[in-house]
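Q: the following block contains a protein sequence and its predicted model.
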Amino acid sequence: MIEFSTRTAESGVAIIEPKGRLNMVAAPRLRELIESTVEAGATRIVIDLSATDFIDSSGLGALISGLKCTRQAGGDLRIAQPNAQIETVLSLTNLNRVLKAYASAEGAFSAQ
Amino acid sequence: MKPDLTRRIIALRVLILIAALLGLNYIIWRWMFSVAWPAWYIAVPLVIAETYSLIDSLLFGLTMWRLRRRGEPPPPPPDATVDVFITTYNEPLELVLRTAEAAQRIRYPHTTWILDDGARPDLAAAAEARGIRYLVRASGWTNKPRHAKAGNLSNALMQTDGEFILILDADQVPKPEILDRTLGYFEDERMALVQTPQYFVNVPEGDPLGSQAPLFYGPIQEGKDGWNAAYFCGSNAVLRREALMQLGVTGYVKAVETDIRRALRAAAKVIDKARADLDGASPQSRAALDTVRSAVRTAQNDLRDGRAFAEVTYDFQQQVDAAAREVVDADVLSMRADLEAIAELSDLADDREAGAEFVLDETAHGLLTQREWSPLGAIESVRAIIRAVDVGREAEAQPMLPISTISVTEDMATCMRMHAQGWRSAFHNEILAHGLAPEDLKTMLTQRLRWAQGTVQVMLRENPLVQRGLSAAQRLMYWATMWSYLAGFAAVIYIAAPVLYLTFGIMPVQAWSVDFFIRLIPFLLVNQLMFFVVSRGTPTWRGQQYNLALFPVWIKACYTAFRNVYFNKPLDFAVTPKTRQDSQGRQWYLVRYQLLAMVILVLAALVGIVNLATGLISPLGFWVNIVWIVFDLAILSVVIQALRMNRQQEGAA
């Protein structure tokens, strides 16, 4: 099972942390969570993957939808701290060519 | 996993080898020694048509080389989650509901969904009353290309979460055991697709419309399966969601890259033009344009250096926004005029025709680069381009389209992409759904035309021979299907050659000699024997007939698909008739070319008799060509049977 925790950094960036397996069952929930976060006014979002054990292509799909959603609202979505399995999936699907993984969730929007 | 080398397979391979050698022996001799060059205008087309047919039969032999009968399937896993998708657009409600109710009765635990692209409220109500889930397109699809069934499935994939997907056309009634018999194959973690046959229950005696495809849903799919190239045929197949979603993600990345590069090129043009036209502009405007121009250059360099697209576009947008803010005060007057033009432009983007995936930018970019932009207008228009092709893929309803949209049929290209990513497929040869075939000639012809168009589109857009990730055999297996749709051109030549001989005495070959027959006849015999052996008694003659008899359809498919791919023209296929009334009396018109060919063949035979009497042609040549004509007529006669069936049904109705 998966759990999501959400916090807001000092800079106003929303950080969503999926804990567990981000798979086809969890993906729609993450998508909805991102959408509601954007609706609530936080358009800059970091998905903190440090506690995510596993991601599949549906999970990646949720990241893509989230990216589109935040961009449409004038913001951005970034990812941080993927584990080795996630890195592998990102490069297998070439999604790492679109999304860069940042070293920390807090620094994702400041590190340029 | 090699198929077992049973005695049957060995015998079959010997036959395939003999047929191939005899065929090569014949065609080499034809090219080297028997082309009648003085009559090159028919001699060369004929030898080319024969070469085409030989390649077709070599590809068939290759397909049969690893014929694989899977037999009893592995048991299904205990806890797989499955979504059953029933796709519908305009089929009668009773038909859809009968399939949906049968889907509910499938034994293995699953969720049944009706994907109604017609968004019919009464179907929604009927589904709800039966406890069947019901889906229509999400709101994001408004004013976006709909991509027909591919779009319908892609939409549903984003709203459901089963591990496996059983796809059924609205008229394919599944048996309760369909999942128990297919899920077991997914034990193999790389298995992405299990296809089962399409079988039709409403086909009259003799199958006059050639609906059953016993050769395809038998030896051909089993042969392709042996090469790990069993195809997805759009219905009666189980797919692994992960494979489809992975296609969606990789396809998304590719599309984003194309979009961004194209947008940056267009933006650079707009700015260069605006800078060249700077007359009396404020210094702020000039500086802003310079800033944006350098941002474009930076973005292009960043892409070249492999920076992530999201970062590149985000930085670029930030810089353009900042530059635009700086000049906001400088040029208010011209801004107004320009904004109007931009508004017009975005209207244009909204109007785009559904399905025309690639046209996005051609018109818009053309307009943008042509117009005389004031500096601020130029910046605004760059922002407009960037918005339209951001990493969100604004032109599409969904950033991710797991089902391929490059052709009017979604199945083959999707399957080819899965194979290219290293996924496996299986063909399970057991009838697990009962379907309804077209009942009249017009519907049948429309259906065949669309299949052919779809296949030719894939061949032209994603030629399997050059797809990375496919094995050589897989490339040839895909190519074989596409190659078979070129048969229309060969058929015309096979009809023209005997006519030319009998009427004008024009010889396409040097002589109707012993040399000729001793090479041709054994090849034809062994080839037919091969068909006989692989089909194990199932009738395949009907299918062979339609391969040649539908020559006008195949030619039209090639021609329209070519125009569509290279000149962006619509495919203009005939609309399937909803009622029978317009069919009365005019059905012959649908097969006018075939009927014309038959008349010409018969007339040529009569003229041939006269020419034989006057000595223009030799008795041997006469008989050879008469046999040839009889064969052509036997092939074409299938359309007469189809016409007669229509008339009988009309009489009965």
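A: It's in. Worth saying up front: this structure is predicted, and the values here are computed from it rather than measured.

Q: ok so residue B:27 is a strand residue?
A: No. According to DSSP: H, G, I helix; E, B strand; the rest coil, residue B:27 belongs to no strand; its state is helix.

Q: relative to chain A, how far out is it?
A: Plainly put, residue B:27 is 44 Å away from chain A if you go by C-beta to the nearest C-beta, to the nearest Å. Where you see a C-beta, it was placed from the backbone N, CA and C, and this is true even at glycine.

Q: give the contact list for the nearest residue to that residue once chain neighbours are set aside.
A: Ranked by C-beta to C-beta, 6 or more residues apart in numbering or on different chains and with sequence neighbours excluded, the top spatial neighbour of residue B:27 is residue B:54, at 5.0 Å. Neighbouring residues of residue B:54 by C-beta atoms under 8 Å, 6 or more residues apart in numbering or on different chains: B:23-24, B:26-27.

Q: swap in residue B:497?
A: By C-beta under 8 Å, 6+ apart, residue B:497 lies in contact with B:42, B:46, B:508, B:628.

Q: repeat that for 6 Å
A: Counting by C-beta atoms under 6 Å, 6 or more residues apart in numbering or on different chains, residue B:497 touches B:42, B:46, B:508.

Q: so it, which state does it fall into?
A: helix.

Q: now do the one 5 residues further on
A: Of the three states, residue B:502 takes helix under three-state DSSP.

Q: that one contacts residue B:625, correct?
A: Yes. Shown here, residue B:502 and residue B:625 form a contact pair, counting by C-beta atoms under 6 Å, at 5.3 Å.

Q: picking that back up, most neighbours out of the contacts of residue B:54, which is it?
A: Each of these was scored by neighbours using other C-beta atoms under 10 Å in any protein chain shown; the highest score is residue B:23's, at 25 neighbours.

Q: roughly how far apart are that residue and residue B:527?
A: To residue B:527, residue B:23 is 7 Å away according to C-beta to C-beta, to the nearest Å.

Q: now swap in residue B:468 and tell me
A: For residue B:468, the distance to residue B:527 - C-beta to C-beta - is 34 Å.

Q: those two: which is more packed in?
A: Taking other C-beta under 10 Å, residue B:468 and residue B:527 do not tie; residue B:527 has more neighbours (22 against 5).

Q: what pLDDT is listed against that one?
A: Listed pLDDT for residue B:527 reads 91.

Q: top strand in chain A by residue count?
A: strand A:14-22 (DSSP state E).

Q: mind listing the strands it pairs with, and their directions?
A: Paired neighbours of strand A:14-22 in the sheet (DSSP bridges): strand A:2-8 (antiparallel), strand A:44-48 (parallel), strand A:52-55 (parallel).

Q: could you say which of those strands is packed most deeply?
A: strand A:44-48 (a mean of 25; mean count of other C-beta atoms under 10 Å in any protein chain shown).

Q: gap between that one and the chain center?
A: Centroid displacement of strand A:44-48 relative to its chain, using C-alpha atoms, centre = their mean, to the nearest Å, is 5 Å.

Q: what's that strand in contact with?
A: A:13-17, A:70, A:75-80, A:105, A:108-109.

Q: OK, now which residue of the stretch 401-550 of chain B is nearest to chain A?
A: Residue nearest to chain A within the stretch 401-550 of chain B: residue B:402 (8.3 Å; C-beta to the nearest C-beta).

Q: quick test: name the residue nearest the centre of chain B.
A: By C-alpha atoms, centre = their mean, chain B has its centre lying nearest to residue B:454, at 2.6 Å.
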